[in-house]
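**Q** For reference, the sequence and a predicted model appear below.
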Amino acid sequence: MTDLDQFRIETRAWLAENCPPEMREPLRSDKDVCWGGRNYVPSSPAQKDWLDRMAARGWTVPDWPTAYGGGGLSPAETKILREEMAAINARNPLNSFGISMLGPALLKYGTEEQKLDHLTKIAKGQIRWCQGYSEPNAGSDLASLATSAEDKGDHYLINGQKVWTSYADQADWIFCLVRTDKTSKQGGISFVLFDMASPGVSTKPILLISGNSPFCETFFDDVQVPKANLVHEENKGWDVAKYLLGHEREMISGMGLASSGGNPLIDGAIATVGLSGGRLADPLLRAGIALFEVRARAFGAMSERFIDELKAGRAHPAQPSMMKYYGTELNKTRHELMMSAGGSDALEWDSDRSNGGAAARSWLRTKANSIEGGTSEIQLNIVAKRILDLPS
Ligand SMILES: Cc1cc2nc3c(=O)[nH]c(=O)nc-3n(C[C@H](O)[C@H](O)[C@H](O)COP(=O)(O)OP(=O)(O)OC[C@H]3O[C@@H](n4cnc5c(N)ncnc54)[C@H](O)[C@@H]3O)c2cc1C
């Protein structure tokens, strides 16, 4: 038996003992998602136990070094852990922009102090982060951002506005792009971290088509940020921003596979309408689901290869764009099929029968997948230029 076989056996046994049965159910609503943070209120004792147990082993971030709260697992061990979690439909113990976006950027560009401080808190779910990139006149053309950071010796004085800042009103800290030099577009941007409780920070929620309101406008009015919170060098924040975006796009690309807790679409459809007699008897719907499952499996295999290449430092820089575009399309298809399976019941916005319009709200939410993290048009432009070598 190899060491990896042994690791699989031990991991399986540990998960069997420690993953509460309630955490092996598909997510029913946004409330089931654990985001951690200073104001975290667990939705159930099981959710808290699951987070605490996984964090104690470093398995919220299994492949991060143990010195920063991670599990210190090799890529092969991380893959085994993910497979064993998927096999029992275990929920993600912690959803976090800290894990999927800021963490990788800090591991590459952060100082030792920044890593020790922030990464360990991210791993334990103690601090919830938000992303301050987009501005009213800087979305796809992100490098046009104007939020200014004036050098005041030991600190920066930050003034400006961000927009579409997801969960800014619930986040504890922000990773933020600011302009430290007006004479150079990309070369005048810096990447800073600060506490959302700092004087001068305010947020205003924006209501979405789905009826939810996770977005905010975020305003900075003479916010003082210590220089120690600069990541990488002043005016070199664009490098950090791009690296982080690659990880964000990789995370969004996985939504088509993970949005129902890793469950195959067919299981969700059966749970909604039952196997026989109902709409699943419709050959067109069945064929649509079968085609989706084939594509999702192919995409899953490609994602695995991509992640291996990324970890080995061999990934093409435009790969996240390719994956983000296709993952977005898959996620949209998944939710369209779930709406078809649900029929008119699924259209009910506020009834018990439709579980408070859960399917419709999730379907509407997928419309944003092709905008967040960079629009589909921008991803296709990148693929055309960087992979297909087409003229720009
Ligand atoms: C759900 C969601 C969550 C988000 N969360 C955050 C967050 O937490 N933090 C944050 O900073 N931002 C966030 N955003 C903002 C997001 O990153 C921007 O909306 C996105 O980058 C697009 O920018 P924009 O809205 O300014 O659109 P624009 O850039 O104004 O684009 C408008 C349209 O023009 C097209 N277009 C623009 N330029 C080109 C081009 N060169 N070629 C072809 N087509 C083009 C675009 O594809 C799009 O269809 C979020 C957005 C969504 C939808």
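**A** Here it is on my side, so go on. Numbers count the residues shown, from 1 in each chain.
**Q** Nearest spatial neighbour of the spatially most central residue of the chain, chain-adjacent residues omitted?
**A** Central residue of the chain (C-alpha atoms, centre = their mean): M251, 4.9 Å from the mean position. Excluding its sequence neighbours, the residue lying closest to M251 (C-beta to C-beta, 6 or more residues apart in numbering) is S100, at 4.1 Å. Where C-beta positions appear, they are placed from N, C-alpha and C, glycine not excepted.
**Q** try M302
**A** Of all residues not flanking M302 in the chain, M323 sits nearest, at 7.6 Å (C-beta to C-beta, 6+ apart).
**Q** so that neighbour touches M251, yeah?
**A** No - counting by C-beta atoms under 8 Å, M323 does not reach M251; the two are 10.0 Å apart.
**Q** Whichever residue of the stretch 1-150 of the chain sits closest to the ligand - how many residues pack around it?
**A** Relative to the ligand, the nearest point of the stretch 1-150 of the chain is G139 (1.7 Å; C-beta to the nearest ligand atom). A count of nearby residues for G139, using other C-beta atoms under 10 Å, gives 17.
**Q** residues contacting it?
**A** Shown in contact with G139 (C-beta atoms under 8 Å, 6 or more residues apart in numbering): W164.
**Q** same for the longest strand anywhere in the chain, what does it pack against?
**A** Identified as the longest strand of the chain according to DSSP state E is strand 215-226. Taking 3 or more C-beta pairs under 8 Å, 6 or more residues apart in numbering; DSSP states H and E as the contact definition, the neighbouring helices and strands of strand 215-226 are strand 155-162, strand 189-195, strand 201-206.
**Q** got those strands as CSV, with mean pLDDT columns?
**A** Shown next, in CSV, are the helices and strands packed on strand 215-226 (pLDDT from 0 to 100):
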stretch, mean pLDDT
strand 155-162, 98
strand 189-195, 98
strand 201-206, 96
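**Q** Any chance of these in a markdown table with distance to C216 and mean neighbour count as columns?
**A** Converted to a markdown table, the helices and strands packed on strand 215-226 look like this (distance: least, C-beta to C-beta, whole Å; neighbours: other C-beta atoms under 10 Å):
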| stretch | distance to C216 | mean neighbour count |
| --- | --- | --- |
| strand 155-162 | 8 | 20 |
| strand 189-195 | 16 | 22 |
| strand 201-206 | 4 | 16 |
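**Q** now the ones you listed as CSV including distance to the ligand?
**A** Listed next are the helices and strands packed on strand 215-226 as CSV, based on distance: least, C-beta to the nearest ligand atom, whole Å:
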stretch, distance to the ligand
strand 155-162, 6
strand 189-195, 13
strand 201-206, 10
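**Q** So which of the ones you listed is nearest A87?
**A** Closest approach to A87 among the helices and strands packed on strand 215-226 (C-beta to C-beta): strand 189-195, 37.0 Å.
**Q** can you give me the angle that closest one makes with strand 155-162?
**A** Per axes from the mean of the first three to the mean of the last three C-alpha atoms, to 10 degrees, the angle that strand 189-195 makes with strand 155-162 is 100 degrees.
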